[in-house]
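[1] A predicted structure for the sequence below; I have some questions about it.
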Amino acid sequence: MKKTTLLYEGKAKKVYLTEDEGLVIQEFKDDATAFNNKKKGSIAEKGVVNNAISCKLFTLLEEHGIPTHLVEKLSDRDMLCRYLEIIKVEVVVRNIAAGSLVKRYGFSEGTVLTEPIVEFYLKDDDLDDPLMNDAHAVALGVATREELAVLKSRAEAINLVLKAFFAERKLKLVDFKLEFGRNNGTILLGDEISPDTCRFWDLDTNEKLDKDRFRFDLGGVEDAYSEVQRRVLGA
Ligand code: TMP
Ligand code: ASP
């Protein structure tokens, strides 16, 4: 399958149309941003690593009956995907307190949550992706109540599969962000799942092995991404 026109360029990926109108190609870039583009940089070979990790995790989710946009991994940086009408809701699932949960509510970082928290954020860079509830999303017209219920239950199901998978690989799945889209009347998981969109801590040492190393200049960014890839792909 060949790329035709560039449909969209995001912070970490480009999306191309293909000769088949139902399919697009996601190309993973090395560009990295944080804090809604306020911090910019690049992480060597990140695109290759995130494509490999995402393809593996989307395949795993499909095996567990969770529908995704993945068709196949085409090359190092290219993922062939079903075309989605992206739902403008970022779904965050949290198992352990970190990041904005600590800032916003005063949890101590590392507190294990008694049950996972699912949050919705409006996908809108100009507004800095504000946290929202179901009523906001419905009022804004970004999703129906029925769709929001599907997003929440899908996110919880994905969390169960991923938590178990990462635990076997000696990684704590602290939190992660998902995006979904509409395709022929169904909702599919889209975007990517990678160290850009998840927090992973080593099970024994709590070492951070994700984009927080870039966000907070902790060093060893590339090594952390490669280590996650090694554990995920079992290489
Ligand atoms: P947060 O603690 O900053 O709200 O982030 C929660 C999770 O969502 C974390 O794993 C990082 C991920 N995330 C994204 O993938 N994209 C984003 O724009 C933000 C803010 C967070
Ligand atoms: N992805 C977001 C950005 O590019 C935020 C983040 O991951 O920290 O700014």
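    Alright, I've got the coordinates. Ligands and ions are numbered 1, 2, ... in the order given.

[2] wait, residue 138 sits on residue 146?
    No. With contact defined as C-beta atoms under 8 Å, residue 138 does not reach residue 146; the gap is 10.2 Å. All C-beta atoms are positioned from the backbone trio N, CA, C, and that covers glycine.

[3] tell me which of these two has more neighbours.
    When neighbours are counted by other C-beta atoms under 10 Å, residue 138 comes out ahead of the other of residue 138 and residue 146, with 15 against 9.

[4] in stretch 182-194, what counts as buried?
    Neighbour-count burial for stretch 182-194 flags 182-183, 187-194 (criterion: 16 or more other C-beta atoms under 10 Å).

[5] closest to residue 61 among those?
    Distance to residue 61 across the buried residues of stretch 182-194 (C-beta to C-beta) is lowest for residue 189, with 6.6 Å.

[6] coming back round to it: how about the buried residues of stretch 182-194 in a markdown table, adding secondary structure?
    Below are those laid out as a markdown table (DSSP: H, G, I helix; E, B strand; the rest coil):
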| residue | secondary structure |
| --- | --- |
| 182 | strand |
| 183 | strand |
| 187 | strand |
| 188 | strand |
| 189 | strand |
| 190 | coil |
| 191 | coil |
| 192 | coil |
| 193 | coil |
| 194 | coil |
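
[7] which ones are touching residue 191?
    Residue 191 sits next to 178-179, 197 when contact means C-beta atoms under 8 Å, 6 or more residues apart in numbering.

[8] please disregard the earlier target; I meant residue 120.
    By C-beta under 8 Å, 6+ apart, the contact list for residue 120 reads 89-92, 131-134, 136-137, 148, 151.

[9] again, only using 7 Å
    89, 91, 132-133, 137 (C-beta atoms under 7 Å, 6 or more residues apart in numbering).

[10] now do residue 62
    Applying C-beta under 7 Å, 6+ apart to residue 62 gives the contacts 68, 70.

[11] just read off the phi/psi values of it.
    Per-residue torsions, residue 62: phi -60, psi -40 (degrees, to the nearest 10).

[12] in the strand of greatest length in the chain, what counts as buried?
    Counting residues, the longest strand found in the chain (DSSP state E) is strand 112-122. Buried residues in strand 112-122, defined by neighbour count with 16+ other C-beta under 10 Å: 116, 118-122.

[13] check this structure for the residue nearest ligand 2 and tell me.
    Relative to ligand 2, the nearest point of the chain is residue 33 (3.4 Å; C-beta to the nearest ligand atom).

[14] so what sits opposite that residue in the bridge?
    Beta-bridge partners for residue 33, by DSSP bridges, are residue 40.

[15] contacts only, for it.
    With C-beta under 7 Å, 6+ apart, residue 33 has these contacts: 11, 39-40.
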